[in-house]
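Asks: What follows is a protein structure lacking sequence information:
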(Lines give C-alpha, C1' and ligand atoms only; values in the text may rest on other atoms or scores of the structure.)
Protein backbone atom coordinates (compact mmCIF):
# COMPACT_ATOMS: atom_id res chain seq x y z
CA UNK A 1 0.00 0.00 0.00
CA UNK A 2 1.30 3.46 -0.90
CA UNK A 3 1.71 6.08 1.81
CA UNK A 4 -1.27 8.20 0.78
CA UNK A 5 -3.51 5.12 0.70
CA UNK A 6 -2.43 4.15 4.21
CA UNK A 7 -3.10 7.67 5.48
CA UNK A 8 -6.53 7.87 3.86
CA UNK A 9 -7.37 4.43 5.24
CA UNK A 10 -6.41 5.46 8.77
CA UNK A 11 -8.46 8.66 8.58
CA UNK A 12 -11.40 6.67 7.18
CA UNK A 13 -11.14 4.17 10.04
CA UNK A 14 -10.88 7.01 12.56
CA UNK A 15 -14.00 8.78 11.28
CA UNK A 16 -15.80 5.48 10.65
CA UNK A 17 -15.41 4.35 14.26
CA UNK A 18 -16.51 7.80 15.45
CA UNK A 19 -19.61 7.69 13.24
CA UNK A 20 -20.58 4.20 14.38
CA UNK A 21 -20.16 5.06 18.05
CA UNK A 22 -22.16 8.29 17.81
CA UNK A 23 -24.88 6.46 15.87
CA UNK A 24 -25.31 3.80 18.54
CA UNK A 25 -24.39 5.87 21.61
CA UNK A 26 -28.04 6.63 22.28
CA UNK A 27 -28.71 2.93 22.79
CA UNK A 28 -25.50 2.34 24.75
CA UNK A 29 -26.23 5.21 27.14
CA UNK A 30 -29.94 4.57 27.73
CA UNK A 31 -29.36 4.07 31.50
CA UNK A 32 -27.91 7.62 31.71
CA UNK A 33 -30.39 10.40 32.54
CA UNK A 34 -31.39 12.24 29.35
CA UNK A 35 -30.19 15.65 30.55
CA UNK A 36 -26.65 14.31 31.08
CA UNK A 37 -26.45 12.01 28.07
CA UNK A 38 -24.72 14.50 25.75
CA UNK A 39 -22.07 15.24 28.37
CA UNK A 40 -21.41 11.56 29.01
CA UNK A 41 -21.34 10.87 25.26
CA UNK A 42 -18.75 13.62 24.73
CA UNK A 43 -16.52 12.41 27.56
CA UNK A 44 -16.64 8.78 26.42
CA UNK A 45 -15.99 9.87 22.83
CA UNK A 46 -12.89 11.80 23.92
CA UNK A 47 -11.48 8.68 25.58
CA UNK A 48 -12.43 6.53 22.58
CA UNK A 49 -10.74 8.92 20.12
CA UNK A 50 -7.58 9.11 22.20
CA UNK A 51 -7.35 5.31 22.40
CA UNK A 52 -8.03 5.04 18.68
CA UNK A 53 -5.37 7.65 17.99
CA UNK A 54 -2.80 5.71 20.05
CA UNK A 55 -3.62 2.56 18.10
CA UNK A 56 -3.44 4.22 14.68
CA UNK A 57 -0.21 6.13 15.37
CA UNK A 58 1.54 3.09 16.90
CA UNK A 59 3.53 5.55 18.99
CA UNK A 60 3.06 7.24 22.32
CA UNK A 61 4.14 10.72 23.38
CA UNK A 62 6.04 11.56 20.21
CA UNK A 63 3.21 10.36 18.01
CA UNK A 64 0.59 12.29 19.95
CA UNK A 65 2.64 15.50 19.93
CA UNK A 66 3.14 15.23 16.19
CA UNK A 67 -0.62 15.51 15.65
CA UNK A 68 -1.28 18.41 18.00
CA UNK A 69 -2.16 16.38 21.10
CA UNK A 70 0.10 18.13 23.58
CA UNK A 71 -0.35 20.39 26.61
CA UNK A 72 2.23 23.20 26.34
CA UNK A 73 3.36 25.29 29.32
CA UNK A 74 1.17 28.22 28.24
CA UNK A 75 -1.91 26.01 27.70
CA UNK A 76 -4.12 27.57 30.43
CA UNK A 77 -3.40 31.08 29.11
CA UNK A 78 -3.99 29.97 25.51
CA UNK A 79 -7.25 28.25 26.42
CA UNK A 80 -8.54 31.35 28.21
CA UNK A 81 -7.36 33.65 25.41
CA UNK A 82 -9.06 31.49 22.79
CA UNK A 83 -12.26 31.36 24.83
CA UNK A 84 -12.33 35.14 25.26
CA UNK A 85 -11.66 35.65 21.55
CA UNK A 86 -14.45 33.24 20.62
CA UNK A 87 -16.86 34.88 23.06
CA UNK A 88 -16.01 38.34 21.68
CA UNK A 89 -16.48 37.27 18.05
CA UNK A 90 -19.78 35.54 18.83
CA UNK A 91 -21.04 38.53 20.83
CA UNK A 92 -20.12 40.96 18.03
CA UNK A 93 -21.91 38.87 15.38
CA UNK A 94 -25.02 38.56 17.54
CA UNK A 95 -24.95 42.30 18.31
CA UNK A 96 -24.76 43.15 14.60
CA UNK A 97 -27.66 40.78 13.86
CA UNK A 98 -29.74 42.38 16.63
CA UNK A 99 -29.00 45.96 15.57
CA UNK A 100 -29.50 45.58 11.81
CA UNK A 101 -32.27 42.97 11.48
CA UNK A 102 -35.81 42.61 12.89
CA UNK A 103 -34.53 40.45 15.75
CA UNK A 104 -35.22 41.39 19.35
CA UNK A 105 -33.67 39.94 22.50
CA UNK A 106 -35.94 39.03 25.41
CA UNK A 107 -35.43 37.32 28.74
CA UNK A 108 -36.12 33.60 28.58
CA UNK A 109 -38.85 32.08 30.73
CA UNK A 110 -37.95 30.19 33.92
CA UNK A 111 -34.21 30.79 33.67
CA UNK A 112 -32.05 28.11 35.25
CA UNK A 113 -28.78 29.98 35.78
CA UNK A 114 -26.90 26.92 37.00
CA UNK A 115 -27.76 25.13 33.75
CA UNK A 116 -27.39 28.18 31.48
CA UNK A 117 -23.96 29.18 32.82
CA UNK A 118 -22.42 26.25 34.71
CA UNK A 119 -23.63 23.13 32.96
CA UNK A 120 -23.45 24.81 29.54
CA UNK A 121 -19.75 25.56 30.15
CA UNK A 122 -19.10 21.95 31.11
CA UNK A 123 -20.94 20.31 28.20
CA UNK A 124 -19.75 22.80 25.56
CA UNK A 125 -16.11 22.52 26.67
CA UNK A 126 -16.33 18.71 26.54
CA UNK A 127 -17.96 18.95 23.11
CA UNK A 128 -15.29 21.36 21.85
CA UNK A 129 -12.47 19.09 23.01
CA UNK A 130 -14.16 16.07 21.44
CA UNK A 131 -14.72 17.77 18.08
CA UNK A 132 -11.20 19.22 17.92
CA UNK A 133 -9.71 15.76 18.52
CA UNK A 134 -12.11 14.25 15.99
CA UNK A 135 -11.32 16.67 13.15
CA UNK A 136 -8.15 18.65 13.91
CA UNK A 137 -5.79 16.07 15.43
CA UNK A 138 -4.98 12.85 13.57
CA UNK A 139 -7.10 13.61 10.44
CA UNK A 140 -5.74 17.12 9.90
CA UNK A 141 -2.06 16.34 10.49
CA UNK A 142 -2.11 13.03 8.64
CA UNK A 143 -3.80 14.54 5.59
CA UNK A 144 -1.42 17.49 5.68
CA UNK A 145 1.60 15.17 5.60
CA UNK A 146 0.41 13.54 2.37
CA UNK A 147 -1.77 16.08 0.54
CA UNK A 148 -0.51 19.41 1.88
CA UNK A 149 -1.92 22.09 4.13
CA UNK A 150 -4.60 23.43 1.81
CA UNK A 151 -6.30 20.09 1.08
CA UNK A 152 -6.00 19.01 4.72
CA UNK A 153 -7.72 22.15 6.00
CA UNK A 154 -10.54 22.16 3.47
CA UNK A 155 -11.24 18.42 3.56
CA UNK A 156 -11.44 18.28 7.37
CA UNK A 157 -13.60 21.40 7.37
CA UNK A 158 -16.05 19.86 4.89
CA UNK A 159 -16.19 16.74 7.06
CA UNK A 160 -16.78 18.95 10.11
CA UNK A 161 -19.60 20.75 8.29
CA UNK A 162 -21.45 17.57 7.35
CA UNK A 163 -20.87 16.08 10.79
CA UNK A 164 -23.33 18.80 11.89
CA UNK A 165 -25.88 17.63 9.32
CA UNK A 166 -26.13 17.04 5.59
CA UNK A 167 -27.54 20.51 4.85
CA UNK A 168 -25.20 22.19 2.29
CA UNK A 169 -25.59 25.47 4.21
CA UNK A 170 -23.46 23.91 6.95
CA UNK A 171 -20.50 24.57 4.65
CA UNK A 172 -21.00 28.27 5.37
CA UNK A 173 -21.58 27.71 9.09
CA UNK A 174 -19.56 25.00 10.86
CA UNK A 175 -17.50 24.48 7.70
CA UNK A 176 -16.11 28.02 7.73
CA UNK A 177 -15.40 27.91 11.46
CA UNK A 178 -13.68 24.58 10.87
CA UNK A 179 -11.23 26.38 8.57
CA UNK A 180 -10.38 28.89 11.29
CA UNK A 181 -9.98 26.15 13.90
CA UNK A 182 -7.65 24.21 11.58
CA UNK A 183 -5.55 27.32 10.90
CA UNK A 184 -5.12 27.86 14.64
CA UNK A 185 -4.16 24.23 15.22
CA UNK A 186 -1.53 24.27 12.48
CA UNK A 187 -0.21 27.67 13.52
CA UNK A 188 0.27 26.72 17.19
CA UNK A 189 0.86 23.01 16.52
CA UNK A 190 -1.64 22.03 19.22
CA UNK A 191 -5.41 22.05 19.82
CA UNK A 192 -5.51 24.36 22.83
CA UNK A 193 -6.17 27.79 21.26
CA UNK A 194 -8.63 26.33 18.74
CA UNK A 195 -10.49 24.50 21.50
CA UNK A 196 -10.82 27.76 23.43
CA UNK A 197 -12.07 29.62 20.36
CA UNK A 198 -14.53 26.80 19.62
CA UNK A 199 -15.82 26.84 23.19
CA UNK A 200 -16.12 30.65 23.39
CA UNK A 201 -18.16 30.84 20.20
CA UNK A 202 -20.58 28.16 21.39
CA UNK A 203 -20.85 29.33 25.00
CA UNK A 204 -22.01 32.85 24.11
CA UNK A 205 -24.50 31.39 21.62
CA UNK A 206 -25.90 29.18 24.38
CA UNK A 207 -26.75 32.25 26.49
CA UNK A 208 -29.11 33.30 23.69
CA UNK A 209 -30.87 29.91 23.47
CA UNK A 210 -29.01 28.91 20.31
CA UNK A 211 -27.69 25.69 21.89
CA UNK A 212 -30.87 24.42 23.52
CA UNK A 213 -29.95 20.86 22.56
CA UNK A 214 -27.28 21.07 25.25
CA UNK A 215 -28.35 23.71 27.79
CA UNK A 216 -31.02 26.29 28.50
CA UNK A 217 -30.50 29.96 27.66
CA UNK A 218 -30.81 33.26 29.48
CA UNK A 219 -32.19 35.25 26.57
CA UNK A 220 -34.31 34.40 23.52
CA UNK A 221 -34.13 35.77 19.99
CA UNK A 222 -37.49 36.74 18.47
CA UNK A 223 -38.61 38.49 15.30
CA UNK A 224 -39.75 41.92 16.51
CA UNK A 225 -41.95 42.80 13.53
CA UNK A 226 -40.31 46.23 13.33
CA UNK A 227 -38.69 47.60 10.18
CA UNK A 228 -34.97 46.95 9.85
CA UNK A 229 -32.10 47.79 7.54
CA UNK A 230 -31.73 44.26 6.16
CA UNK A 231 -33.49 40.90 6.37
CA UNK A 232 -32.15 38.45 8.93
CA UNK A 233 -31.28 35.74 6.39
CA UNK A 234 -29.61 38.25 4.06
CA UNK A 235 -27.31 39.63 6.74
CA UNK A 236 -26.57 36.16 8.09
CA UNK A 237 -25.56 34.96 4.62
CA UNK A 238 -23.44 38.08 4.05
CA UNK A 239 -21.57 37.58 7.35
CA UNK A 240 -20.87 33.93 6.56
CA UNK A 241 -19.63 34.74 3.04
CA UNK A 242 -17.32 37.44 4.45
CA UNK A 243 -16.01 34.95 7.01
CA UNK A 244 -15.40 32.41 4.22
CA UNK A 245 -13.39 34.96 2.22
CA UNK A 246 -11.40 35.86 5.33
CA UNK A 247 -10.80 32.16 6.04
CA UNK A 248 -9.52 31.53 2.50
CA UNK A 249 -7.13 34.49 2.78
CA UNK A 250 -5.95 33.22 6.18
CA UNK A 251 -5.27 29.75 4.73
CA UNK A 252 -3.10 31.22 1.99
CA UNK A 253 -1.30 33.40 4.52
CA UNK A 254 -0.60 30.36 6.69
CA UNK A 255 0.79 28.41 3.73
CA UNK A 256 2.99 31.35 2.69
CA UNK A 257 4.35 31.83 6.21
CA UNK A 258 5.14 28.12 6.53
CA UNK A 259 6.91 28.15 3.16
CA UNK A 260 8.98 31.20 4.17
CA UNK A 261 9.90 29.59 7.49
CA UNK A 262 11.40 26.51 5.82
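Replies: That came in fine, so what should we check first? As the structure is a computational prediction, the values presented were derived from the model and not from experiment.
Asks: residue boundaries of the helices in the stretch 1-150 of the chain?
Replies: For the stretch 1-150 of the chain, the helices defined by DSSP state H, counting those that start in this stretch cover 3-28, 34-57, 61-65, 75-100, 113, 120-136, 138-147, 149-163.
Asks: Which of these sits closest to residue 185?
Replies: helix 120-136 (4.5 Å; CB to CB). (C-beta placed from N, C-alpha, C; glycine too.)
Asks: got the angle between the closest one and helix 75-100?
Replies: 100 degrees (axes from the mean of the first three to the mean of the last three CA atoms, to 10 degrees).
Asks: Counting by contacts, list what helix 120-136 packs against.
Replies: helix 34-57, helix 149-163, helix 174-188, helix 192-207 (3 or more CB pairs under 8 Å, 6 or more residues apart in numbering; DSSP states H and E).
Asks: So which of the ones you listed is nearest residue 87?
Replies: helix 192-207 (4.0 Å).
Asks: residues in contact with whatever helix or strand comes next after that closest one?
Replies: Next along the chain after helix 192-207, taking DSSP states H and E as the criterion, comes strand 219-223. The contact list for strand 219-223, computed with CB atoms under 8 Å, 6 or more residues apart in numbering, reads 98, 102-108, 207-210, 232.
Asks: Please convert the buried members of those residues into ChimeraX selection syntax.
Replies: Listed next is the ChimeraX selection for buried residues among the contacts of strand 219-223, using 16 or more other CB atoms under 10 Å:
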select :98,102,103,105,108,207,208,209,210
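Asks: Worst mean pLDDT among the helices and strands packed on helix 120-136?
Replies: Note on the helices and strands packed on helix 120-136: helix 34-57 shows the lowest mean pLDDT, a mean of 92.
Asks: same for that helix, what does it pack against?
Replies: helix 3-28, helix 61-65, helix 120-136, helix 138-147.
Asks: Return the most buried member of the ones you listed.
Replies: Sort those by mean neighbour count, taking mean count of other CB atoms under 10 Å, and helix 120-136 sits at the top with a mean of 23.
Asks: Let me have the helices and strands packed on helix 34-57 in JSON lines, adding distance to residue 153 and mean pLDDT as columns.
Replies: Output for those, formatted as JSON lines (distance: least, CB to CB, whole Å; pLDDT from 0 to 100):
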{"stretch": "helix 3-28", "distance to residue 153": "14", "mean pLDDT": "90"}
{"stretch": "helix 61-65", "distance to residue 153": "20", "mean pLDDT": "69"}
{"stretch": "helix 120-136", "distance to residue 153": "9", "mean pLDDT": "98"}
{"stretch": "helix 138-147", "distance to residue 153": "7", "mean pLDDT": "95"}
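Asks: out of those, nearest to residue 244?
Replies: The closest of the helices and strands packed on helix 34-57 to residue 244 is helix 120-136. By CB to CB, the value is 17.6 Å.
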